[in-house]
Structure formats: C-alpha cells, structure tokens
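J.: Coordinates only, no sequence provided:
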C-alpha cells in the first residue's frame, strides 16, 4: 500500500519534475488543497480528485492515508516542495497509525529557488529559509532566527511574509534585520511565481520595510556581497572575487 | 540572443522539470561539466554538447556566452539548482560583457530538497544551506554560520562536506555544532541522490562527527524537535504539537 507526497514546484503544470509527473500518472486518487489541485486538474482529466480547504491539513493527511490503507494508489500534492513547509512531515508523523502504508516523498522546486530564478541568482551562497508564520512557531523563535541569519550574513528567503491579521510581520522582520544589516542591502520579492500574474521587484532593505506583500509572495534578502547587475539580483559565489 | 541556465535536479534525467526539459529541447548547444552532461546525453542524442572540466567555471561561462552572442541557442546545465552553488550567478556577472545576450535561469530541485525526500522530511521547518567548501569563502565565515544556525535551532543541509585534501571538515563542523546542540540531535546523509548507487543513513550528531563522507554527499542536521519515525527523519512543522 503506497502513498506518494508529490511536489508540484512553484508554478503551474510545467514546473513539476518528470518523476513527479509519473507519480501523478500512476496515482488513482489525487488529494490536495483546492488551489493546488486546480493547477493540475486539466493535465489529468480522468483522475479522482479529493480537495480539502486550507486549514484541513491533518484531515487531508488522514483522508489520504485511509484511502491508501484501503488499497488505492494515492498521491498527495503540495505546491513547491512537500518537504519545505509542506505535507511530507505530517504524513510521515501520522503514517504509523496506518500499518502497511509506505509514504514516498517526491521533491519539487521550492518557492525560494523558483523565485530566485526569476530575480536572477540571489541565493548563490549560503542561505536560510524562514517562515514568518507564527501559527505554530512562537515569534521569539522566528526573531532569533532572523537575528542569527542577519549576523552571520546569510542570504534569506522569507516564506509567508504576510497574511490577513498580521500585515505588519514583514515590517517587524525588516526592523530586526536592519539592526544588523545595512539599509542598502539588496532585496527583492516575487509574487505568483511561475503563474499568471507573476510580479517581481528589487529594492533595498530600507524600502522593503515599508512594502506591503501578500501570502503568495516570497521575499529575498541578499547578503553583504549581493549586487544588482543589469536589473538582476546576484549574490557572488564567494568572498574573494575570482580572477577573470 | 538567449542563454538559459538549466537545473537538472539532483538525480538523473527524471529529476528535471518539464520546463527545464523543454529548454534543453529548444537549445542548439548544451554546455556543462562532463559528469552532468553525461546524465542527459542519451536523452538528447542530436544536440551539440560542449563539455569542460570541474575547475573551468569561468571558461565554461564565457564559452557559453560567446556561443550565445554568436547567435546559437545555448543551454548551460548544472546539477541540482543553478542558483544554489551553481552557475547562474557567474553567468549573470559575466553577461554584461556580451551585449544583447539575455540570461534566463530555470530552477531545479536542489540537493538539499532531493536528499531530504530520501530521508523523509528533515527540512520541514526553517532551515539553512551551508557549503563547507572554503575555496572561495574563509573558514571563519563558514564557522560563524554554523554557530548561528546551531544557536537559532535551524535545520541544516551541508553541501560539499568533504573533498580530497580536506577530509576532516565535516568533523570540524560537527565540533562547532556540538558546542551548541545535543549530541543526540538526529542527523543523516544521502550520497548519489537519485542516481545509481544512492545510499542514505541516519545517525546522531555525535556519530556524524566520526563519519567519513565524500563530495557527492549532502548531510542533514535536524533541529531540536527532529525525530526518527519508522526509520525516517522527520522535523515537525512547528513547536506546538497540533491537536490530533
């Protein structure tokens, strides 16, 4: 009895890997959040789709595991990579309650890497992925990570930079970063990566502090070496410039 | 005049995205390091391939940019994601010397995410990518990042954990981490991700300290919450366990 957790990549049906596509072709039942299922429904018209709302993560996992335990080949789909703020962990946590179900994870391009490609190459050197969502993580932990990332000159990708009810989180995060990093640090964001309505913008860290973004946006903060080259955000590979 | 920098993903020909595959189909000339070109040569038998050795990154980029400037449709291929320790940054740095050449980056699944899927879900919460290669980065910078990542309880993916001439770097990195993290922290590694001879192993941070790995290995260090569940490495999504 098998269940695959499949990453769709950041964008549409072109952004998944061939391995992911093969897993979806093999599945009898595809389970996922409405928005993500809609991205692939047209490509797999003959599948059974089971869609659940945003907050039903545990319910969605149990439903998928139950169908797998009952003998169906099930694929759970996630945007981006299922192992980065996705469903892979919860499925593996719950799987022992469904003896005989083997969970396989198929990686996808996570939003940080998909968005980076749009902006140029902002994550070429050591980088951190930080979510600003405090639904299941105390803000103190998030703030400690922002400080650590800023002090150690990591490039940073911020997930979940805003949502209804916490529209000032990006500004708060920037205030934390600005205590350790220059206001001229090169930053950028990408919204709707790889999808209709994709938008991107470069700016300084000081400007980012006063920028409003939404939940569909990934935000990038460069390290001390990051520059703008012909309108692209580029972090060099090292701290010694290579002889040309 | 266009040049695409294409990520092949961590493994073989199945691990690239449909978008990446389409870009390779459209290219007239495919440029890359021998090992990576060999991974896709069979899938594209009628292309012109230009291969260069490991240390020729600048030469490889210039060669690709020259061919693009001369009118060919060129694709530069990288393992994993070209924007993470790959060629995207160097191409964008050099491109202004080749007026008219537009560089497009096509993301791939980076080794951290590909390897994470093999182990389970070790990078489910905030995580850092750190390369232990000190070819272009002073060891002091690397060490500062290890300390920051350990103190702020990030999950960590280590790239380039060893090579000829620096076989003790992983042990040195573990010593730095062990000053801030429990020796029982769940760790793991994956070698040859998605390729023939793929191997993986879970262990504690103390055990990792005395483990020999090679350059084809990605190493994973969990956060304080990471556990082993049915032989898989799983980091929970947050610090409050969700009501089941």
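T.: Received the coordinates, thanks. Treat the numbers as computed from the prediction; the structure is a model and nothing was measured.

J.: Lowest-scoring secondary structure element of chain A by mean pLDDT?
T.: Here the helix or strand of chain A ranked lowest by mean pLDDT, DSSP states H and E is helix A:34-40, holding a mean of 86.

J.: Now do the helix or strand just after it, average pLDDT.
T.: Next helix or strand after helix A:34-40 toward the C-terminus (DSSP states H and E): strand A:48-52. Looking at strand A:48-52 alone, the average pLDDT works out to 90.

J.: roughly how far is strand A:48-52 from the heart of the chain?
T.: In this view, strand A:48-52 has its centroid 22 Å away from the chain centroid, taken as Cα atoms, centre = their mean, to the nearest Å.

J.: Which residue ranges make up the domains of chain A?
T.: Residue ranges for each domain of chain A read A:2-106, A:111-234, as given by automatic domain parsing.

J.: and of these, who's closest to residue B:61?
T.: Across the domains of chain A, the minimum distance to residue B:61, taken as Cβ to Cβ, is reached by domain A:111-234, at 12.1 Å. No exception for glycine: its C-beta is placed from N, CA and C like everyone else's.

J.: Is the closest one in proximity to chain B?
T.: Yes. Figure legend: domain A:111-234 in contact with chain B (Cβ under 8 Å from any Cβ of the partner chain); contacting residues A:113-114, A:116-118, A:120-131, A:135-138, A:141-142, A:144-145, A:147-149, A:151-154, A:229-230, A:232, A:234.

J.: Go ahead and build a ChimeraX selection from the buried members of the residues you listed.
T.: The following ChimeraX command selects only the buried members of the residues of domain A:111-234 next to chain B, with burial defined by 16 or more other Cβ atoms under 10 Å in any protein chain shown:
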select /A:113,114,116,117,118,120,121,122,123,124,125,126,127,128,129,130,131,137,141,142,144,145,147,148,149,151,152,153,154,229,232,234
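
J.: From the residues of domain A:111-234 next to chain B, which land in strands?
T.: Where those overlap with strands, as defined by DSSP state E, the overlap consists of A:120-121, A:127-131, A:229, A:232, A:234.

J.: And the residues you listed, which two are furthest apart?
T.: In those, two members sit farther apart than any others by Cβ to Cβ. They are A:131 and A:229, at 28.9 Å.

J.: quick check: angle from the helix or strand encompassing residue A:32 to strand A:48-52?
T.: Using DSSP H and E, residue A:32 falls within strand A:29-33. Inter-element angle recorded for strand A:29-33 and strand A:48-52: 20 degrees (by axes from the mean of the first three to the mean of the last three Cα atoms, to 10 degrees).

J.: tell me the mean pLDDT over strand A:29-33?
T.: 94.

J.: Not counting sequence-adjacent ones, nearest residue to residue A:64?
T.: Using Cβ to Cβ, 6 or more residues apart in numbering or on different chains and skipping residues adjacent in sequence, the residue nearest residue A:64 is residue A:31, 4.4 Å away.

J.: Any idea which residue is closest to the centre of chain A?
T.: In chain A, the C-alpha closest to the average C-alpha coordinate belongs to residue A:111, at a distance of 3.9 Å (Cα atoms, centre = their mean).

J.: Hmm, that residue is touching residue A:193, no?
T.: Yes. Assessed by Cβ atoms under 8 Å, residue A:111 is found in contact with residue A:193 at 5.8 Å.

J.: can you list residues touching both of those two?
T.: A:10, A:218 (Cβ atoms under 8 Å, 6 or more residues apart in numbering or on different chains).

J.: All the helices of chain A, in order from the start?
T.: A:18-26, A:34-40, A:57-69, A:88-94, A:111-119, A:139-151, A:169-178, A:205-209 (DSSP state H).

J.: weakest of the ones you listed in terms of mean pLDDT?
T.: For the helices of chain A, the weakest mean pLDDT is recorded on helix A:34-40, namely a mean of 86.

J.: just to revisit the earlier point, among the domains of chain A, which is nearest residue B:161?
T.: Across the domains of chain A (criterion: Cβ to Cβ), the nearest stretch is domain A:111-234, sitting at 13.5 Å.

J.: distance between the ends of that closest one?
T.: Using Cα to Cα, to the nearest Å, the gap from the first to the last residue of domain A:111-234 comes to 17 Å.

J.: circling back to that earlier point, surely the residue nearest to residue A:64 is in contact with residue A:50?
T.: Yes. The pair formed by residue A:31 and residue A:50 meets the contact definition of Cβ under 8 Å, at 4.6 Å.

J.: Comparing those two, which residue is more hemmed in?
T.: Neighbour totals were compared for residue A:31 and residue A:50, and residue A:31 leads with 25 against 16 (other Cβ atoms under 10 Å in any protein chain shown).

J.: Please list all residues in contact with the more buried one.
T.: Each residue near residue A:31 by Cβ under 8 Å, 6+ apart is listed here: A:49-52, A:60, A:63-64, A:67, A:74-77.

J.: could you redo the last one with a cut-off of 10 Å?
T.: Contact partners of residue A:31, counting by Cβ atoms under 10 Å, 6 or more residues apart in numbering or on different chains, are A:3, A:5, A:37, A:48-52, A:60-61, A:63-65, A:67-68, A:74-77, A:87.

J.: Having no further points to raise, I will conclude here.
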